[in-house]
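K.L.:
Quick one, what's the 3D model for this:
(2 chains)
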Protein chains: 2
Amino acid sequence: MDVAVLAASMTPFGDREAWVNELATEAALACLDGAGVEPAALDHLYLSNMASGEFEGQTGVMNALAHDIGAVPAYAQRVGQTSASGGAGLYAAWQSVASGASEMTLLVGAEKMTHQTTGEAGDVIASLTHPTEYAHGVTLPSFAGLAARQYLDRFDAPRESLAHIAVKNHDNARKNPNAQFRKEIDIETALASPMVADPLRLYDYCPVTDGSAALLFCPASVARQYTDDFVLLSGVAGATDTHVVHERDDPTWMSAVAQSGEQAFEMAGIGPEEVDIAELHDMVTLLEALQLEAFGFAERGEGWQYAMDGTTTLDGELPVNTSGGLKARGHPLGATGVAQAVEIYQQLMGTAGKRQVEAEVGLTCNVGGFGNCVTSAVLEAAE
Amino acid sequence: MDVAVLAASMTPFGDREAWVNELATEAALACLDGAGVEPAALDHLYLSNMASGEFEGQTGVMNALAHDIGAVPAYAQRVGQTSASGGAGLYAAWQSVASGASEMTLLVGAEKMTHQTTGEAGDVIASLTHPTEYAHGVTLPSFAGLAARQYLDRFDAPRESLAHIAVKNHDNARKNPNAQFRKEIDIETALASPMVADPLRLYDYCPVTDGSAALLFCPASVARQYTDDFVLLSGVAGATDTHVVHERDDPTWMSAVAQSGEQAFEMAGIGPEEVDIAELHDMVTLLEALQLEAFGFAERGEGWQYAMDGTTTLDGELPVNTSGGLKARGHPLGATGVAQAVEIYQQLMGTAGKRQVEAEVGLTCNVGGFGNCVTSAVLEAAE
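P.N.:
Below is the predicted model:
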């Protein structure tokens, strides 16, 4: 069955004076409104969220959302895959429609984080890693530093290549009214920002963010009853890698990205060369380079060149993170994977405003941990 | 597509000296071993769990499970639906197979709770309710007291009718080697136990429990390559009710049970009269009576009679909670919905030992909150 994305929306990302369910409701109602679909028409509702229990003491968030938007008695479920919860939500929503269980599925990703200190939020985020790593201080930011050092040394990449990824994504975010950071930065600023985990500095990392995003799924045959302009989720797949990162043969090779990408491409019947635009999981700058390689967009050891040489800039051959990415659009954990697909939807629909590029096929990649679990998705404009 | 349950297993429930991932691994490996399926053959892995982040500071539990049982690179996702996470897992696993996304899906439900005090665990459980209710002291146990008083008064039901449900389920648990409480209780003991929320007493409520349960799903055509003896998940559906319980017209009518049941029956092509055995969500004794009514097994206001008059005892017309139910088998939140289906699987396969009944069609009902979200499932012996 062809599964359609009928509508998409997102809230402004950033420091929001709203709780997770207010954010989720805001994105959900905007999405339904955009499609002209009543809440009562929903069969299934999925809420991608990593840690509302830890952040806000609320675990019934999917039931609250069904209640608040007027979707009761629709089935509601929370989808968890740590920082890849949004991508897992895409897969869950696809399965709900493709299995015939639902003819109208709303996926909402949401997270409220900024009421916590960075340290408090960091403790919750660290809970996604294996306890043996955490005990040795190998949190995600510190591990990224180790991996970046190895990558730069091994492939003879200049330190500033990673800064170019941050600069590019900030530049894109300036054109995205929903992005958290809509300010230009330059290479010098990025390279002079405070050290986090040598060689990585503050501007290599995504921020702590509040926000929500939503997508509406249905069979393509149902979508055509509403409009001729929609998007197809033509490929989606997920894969795991070792949960203990040091057990990997090569920590700079993202095998779950490669495997989920291969499956998603196969399902869509395309190869990486047919992708026009991609939203990759730049939790840290390095990861954007590693994902370019794992998907086969770049040769092994050459992903670092793409932001520097302009391949992945807005006017490049393969624009990456036109939204601003996690780095500058922001990273409200469970919302990110959904927001990635919202960006692709808007680009394919031609509604991306100042950051619009020409694209007919887009890719999203949402990463849990350091590639511990990854969901990749291919979206295409419906013909 | 006919979706098969190829194997089922559960750990002993109770006070376990093991963390959630050790419990999940124990159930998962026993399930795979029972089917003769290698971990490497898994496509998808779902872990139903309510609150491992809150209980143990671990949120990457599905990735840890994939890692620990040797299933990497299988896709892994955590399924959340508060105390109905296990039932939601049945639905997610069904969708993964029915959509064609997976040909071999392992569902594991697990929760580790007993290292917390009852107060600490209660605070986490209370997070599934609407904050406005919690602020007024309307936690699940206290709400159950209010609802029980209304039910008993309105339908002229004797107080001891609810005690009969507890006595029946304890009696069944004596015959279940994996049950938490394998001791007989009598009506007098139940009625003399400490008051929790008038008129309900300690023996009306389920305990705090550690445990895990697992089920292996695949297309029926694949199942036949392994064995002729398996079970079909022939109906499964979920529904929500208001997340604020006091907004319901009638708090003693479980509309999400009724709606998910109707859908599951329709999908299976049967009616309640064809069900031979049911595992209902007796978080509190009253709920078993309310579910009997919502599914149409009993007339409105008559569910309380069924344990008293023997209809739902092991040798009755419709044995309910042959496992011991949440009351006596125990209620490790995310594991319960999976364990319910494990019990039906064993009954349909004729491997339920001393509690074996004659059954070809079984029903499970897993409830989140006070019916805020419910998943119902119909299982049948394959022919």
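K.L.:
What sits closest to the residue nearest the centre of chain A if chain neighbours are left out?
P.N.:
Note on chain A: the residue nearest the mean C-alpha position is A:Gly337, at 3.1 Å, using CA atoms, centre = their mean. Excluding the flanking residues, the one nearest A:Gly337 by CB to CB, 6 or more residues apart in numbering or on different chains is A:Gly86, at 2.4 Å. Yep, even glycine has a C-beta here, placed from its N, CA and C like the rest.
K.L.:
Break chain A down into its structural domains.
P.N.:
If you go by automatic domain parsing, the domain ranges for chain A are A:3-116+A:209-231, A:136-206+A:233-381.
K.L.:
Those domains into TSV, with extra columns for mean pLDDT and distance to B:Gln81?
P.N.:
Putting the domains of chain A into TSV (pLDDT from 0 to 100; distance: least, CB to CB, whole Å) gives the following:
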stretch	mean pLDDT	distance to B:Gln81
domain A:3-116+A:209-231	97	5
domain A:136-206+A:233-381	97	15
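K.L.:
so which of those domains gets nearest B:His243?
P.N.:
Of all these, it is domain A:3-116+A:209-231 that lies closest to B:His243, at 3.7 Å by CB to CB.
K.L.:
what's around the residue nearest to A:Gly337, how many residues?
P.N.:
Residues contacting A:Gly86 under the criterion other CB atoms under 10 Å in any protein chain shown number 33.
K.L.:
now it, what's its secondary structure?
P.N.:
Assigned with DSSP: H, G, I helix; E, B strand; the rest coil, A:Gly86 falls in the helix class.
K.L.:
and it, what is it in contact with?
P.N.:
A:Ser48, A:Gly109, A:Ala213, A:Gly334, A:Ala335, A:Thr336, A:Gly337, A:Val338, A:Ala339, A:Gln340, A:Ala341, A:Asn366 (CB atoms under 8 Å, 6 or more residues apart in numbering or on different chains).
K.L.:
what about A:Thr189, distance to A:Tyr203?
P.N.:
Remark: distance between A:Thr189 and A:Tyr203 (CB to CB, to the nearest Å) = 7 Å.
K.L.:
Compare neighbour counts for the two and give me the winner.
P.N.:
A count of neighbours by other CB under 10 Å puts A:Tyr203 above the other of A:Thr189 and A:Tyr203, at 24 against 17.
K.L.:
So the more buried one, which state does it fall into?
P.N.:
Quick answer, by three-state DSSP: A:Tyr203 is helix.
K.L.:
cool, A:Leu379 as well?
P.N.:
strand.
K.L.:
So it sits against A:Tyr345, correct?
P.N.:
Yes: using CB atoms under 8 Å, A:Leu379 is in contact with A:Tyr345, at 6.7 Å.
K.L.:
Need the overlap of contacts for the two.
P.N.:
Both A:Leu379 and A:Tyr345 are in contact with A:Val5, A:Val231, where contact means CB under 8 Å, 6+ apart.
K.L.:
For the nearest residue in space to A:Gly89 that is not next to it in sequence, which residues are in contact?
P.N.:
Computed as CB to CB, 6+ apart, the closest residue to A:Gly89 that is not its neighbour in sequence is A:Ser48, at 3.5 Å. Applying CB under 8 Å, 6+ apart, one finds that A:Ser48 lies in contact with A:78-81, A:85-86, A:88-89, A:107-110, A:334-335, A:337-338.
K.L.:
Quick check: bridge partners of A:Ser48?
P.N.:
A:Val79, A:Gly109 (DSSP bridges).
K.L.:
where's stretch A:363-379 relative to the chain centroid, distance-wise?
P.N.:
On the basis of CA atoms, centre = their mean, to the nearest Å, stretch A:363-379 sits 7 Å off its chain's mean C-alpha point.
K.L.:
do stretch A:151-167 as well
P.N.:
The chain centroid and the centroid of stretch A:151-167 are separated by 22 Å under CA atoms, centre = their mean.
K.L.:
distance of A:Glu17 from A:Pro141?
P.N.:
Per CB to CB, A:Glu17 is found 27 Å from A:Pro141.
K.L.:
With neighbour numbers in mind, choose between those two.
P.N.:
A:Pro141 (17 against 8).
K.L.:
so does the strand or helix carrying the more buried one get close to chain B?
P.N.:
Assigned by DSSP states H and E, A:Pro141 belongs to helix A:140-154. No: on the criterion CB under 8 Å from any CB of the partner chain, helix A:140-154 is out of touch with chain B, staying 10.9 Å away.
K.L.:
you'd agree A:Arg182 is up against A:Asn169?
P.N.:
No: using CB under 8 Å, A:Arg182 is not in contact with A:Asn169, being 11.7 Å away.
K.L.:
between these two, which one's more packed in?
P.N.:
A:Asn169 (30 against 16).
K.L.:
Was I right to think A:Gly14 contacts A:Arg182?
P.N.:
No: A:Gly14 is beyond contact range of A:Arg182, at 9.4 Å (criterion: CB under 8 Å).
K.L.:
At which residues are the strands of the stretch 201-350 of chain A located?
P.N.:
For the stretch 201-350 of chain A, the strands defined by DSSP state E, counting those that start in this stretch cover A:211-219, A:231-240, A:277-279.
K.L.:
can you list these in a markdown table and add distance to A:Asn176?
P.N.:
A markdown table is the format used below for these (distance: least, CB to CB, whole Å):
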| stretch | distance to A:Asn176 |
| --- | --- |
| strand A:211-219 | 12 |
| strand A:231-240 | 18 |
| strand A:277-279 | 12 |
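K.L.:
highest average neighbour count across the ones you listed?
P.N.:
Highest mean neighbour count among these (mean count of other CB atoms under 10 Å in any protein chain shown): strand A:211-219, with a mean of 30.
K.L.:
relative to strand A:231-240, how tilted is it?
P.N.:
With axes from the mean of the first three to the mean of the last three CA atoms, to 10 degrees defining the directions, strand A:211-219 sits at 110 degrees from strand A:231-240.
K.L.:
From the contact counts, what lies against strand A:211-219?
P.N.:
On a contact count with 3 or more CB pairs under 8 Å, 6 or more residues apart in numbering or on different chains; DSSP states H and E, strand A:211-219 meets strand A:3-10, helix A:20-35, helix A:85-98, strand A:105-111, helix A:333-349.
K.L.:
Show me what the helix or strand just after the longest one is packed up against.
P.N.:
This means helix A:333-349. Remark: after helix A:333-349, the chain's next helix or strand is strand A:361-368, criterion DSSP H and E. The helices and strands touching strand A:361-368, judged by 3+ CB pairs under 8 Å, 6+ apart, are helix A:85-98, helix A:255-268, strand A:277-279, helix A:285-294, helix A:333-349, strand A:373-381.
K.L.:
again, 7 Å this time
P.N.:
helix A:85-98, strand A:277-279, helix A:333-349, strand A:373-381 (3 or more CB pairs under 7 Å, 6 or more residues apart in numbering or on different chains; DSSP states H and E).
K.L.:
what's in contact with that strand?
P.N.:
Taking contacts as CB atoms under 7 Å, 6 or more residues apart in numbering or on different chains, the residues outside strand A:361-368 that touch it are A:81-84, A:86-87, A:128, A:257, A:270, A:274-281, A:283, A:287, A:291, A:336-337, A:340-341, A:344, A:347-348, A:374-380, B:63.
K.L.:
hang on, the earlier thing: quick one: closest of the helices and strands packed on strand A:361-368 to B:Ser52.
P.N.:
B:Ser52 sits nearest to helix A:85-98 of all the helices and strands packed on strand A:361-368, at 14.4 Å, using CB to CB.
K.L.:
mind saving the C-alpha coords of that closest one as CSV?
P.N.:
Taking Å, rounded to 0.1, in the frame of the first residue of the first chain, the C-alpha atoms of helix A:85-98 are listed here in CSV:
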residue,chain,number,x,y,z
SER,A,85,11.8,8.4,19.0
GLY,A,86,10.5,10.7,16.2
GLY,A,87,12.0,8.5,13.5
ALA,A,88,10.5,5.4,15.2
GLY,A,89,7.2,7.3,15.1
LEU,A,90,7.4,7.5,11.3
TYR,A,91,7.9,3.8,11.2
ALA,A,92,5.0,3.1,13.6
ALA,A,93,2.7,5.4,11.7
TRP,A,94,3.6,3.8,8.4
GLN,A,95,3.0,0.4,9.9
SER,A,96,-0.4,1.4,11.3
VAL,A,97,-1.6,2.5,7.8
ALA,A,98,0.2,-0.2,5.8
